[in-house]
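>>> model the following, please.
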Amino acid sequence: MSKTDILSVMTRIKGASALDRETLAAAEIVVRRVFPTLPAPSKVALEPVEEVLHLVDLALPGWTIQLTGKAREPDGHWRCSLRETRGSDEDEVVGVGTGPAVALALLEALLDVAQQKDLS
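Numbering: from 1, shown residues only. This next block holds a predicted model:
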């Protein structure tokens, strides 16, 4: 796997107005390559935001999720950051994502972390 794979999925997210199942599946594949010890995916179909939160929880247990934004249907303005500690400027890796939907911002932040942690 390469950073190119992660960037490809991030590009799909940037162009989306909502998170579709195909993009979520592609993102899960690249996240699982960076975090190979993740448990098998749940067989229960969840809403996209819940699925992404579950994936973040599995990949980054104990990390802080900060979500801010303006809810404006159909195009909100959301910003998400993922960090190992709450508010510390000393974190080596901070994932950042933005998007018109919460799920997109959260998934982009997770992919940003994956890109930084990818050693290939």
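>>> pull out the buried residues from the helix or strand encompassing residue 78.
Assigned by DSSP states H and E, residue 78 belongs to strand 77-83. Under the neighbour-count criterion of 16 or more other C-beta atoms under 10 Å, strand 77-83 has 78-83 buried. Backbone N, C-alpha and C define where each C-beta goes, glycine included.
>>> so which of those comes closest to residue 6?
Residue 6 lies nearest to residue 82 out of the buried residues of strand 77-83, by C-beta to C-beta, at 14.5 Å.
>>> ok, now how distant is that closest one from residue 72?
23 Å (C-beta to C-beta, to the nearest Å).
>>> with residue 30 instead?
30 Å.
>>> tell me how many other residues surround residue 8.
Neighbour count for residue 8, taken as other C-beta atoms under 10 Å: 12.
>>> for residue 42, same thing?
Residue 42: 12 neighbours (other C-beta under 10 Å).
>>> in a helix, that's where it is, yeah?
No: the assignment for residue 42, made by DSSP: H, G, I helix; E, B strand; the rest coil, is coil rather than a helix.
>>> not counting sequence-adjacent ones, nearest residue to it?
residue 54 (6.7 Å; C-beta to C-beta, 6 or more residues apart in numbering).
>>> going by neighbour count, list what's buried in the helix or strand hosting that neighbour.
Per DSSP H and E, residue 54 falls inside helix 48-59. Going by neighbour count (16+ other C-beta under 10 Å), the buried part of helix 48-59 is 48, 51-53, 55-56, 58-59.
>>> show me which of those residues is closest to residue 25.
Distances from residue 25 to the buried residues of helix 48-59, taken by C-beta to C-beta, are shortest for residue 51, at 10.0 Å.
>>> for the residue lying closest to the closest one once chain neighbours are set aside, give me its contacts.
Closest residue in space to residue 51, ignoring its immediate chain neighbours: residue 24 at 6.2 Å, by C-beta to C-beta, 6+ apart. Counting by C-beta atoms under 8 Å, 6 or more residues apart in numbering, residue 24 makes contact with 48, 51-52, 107.
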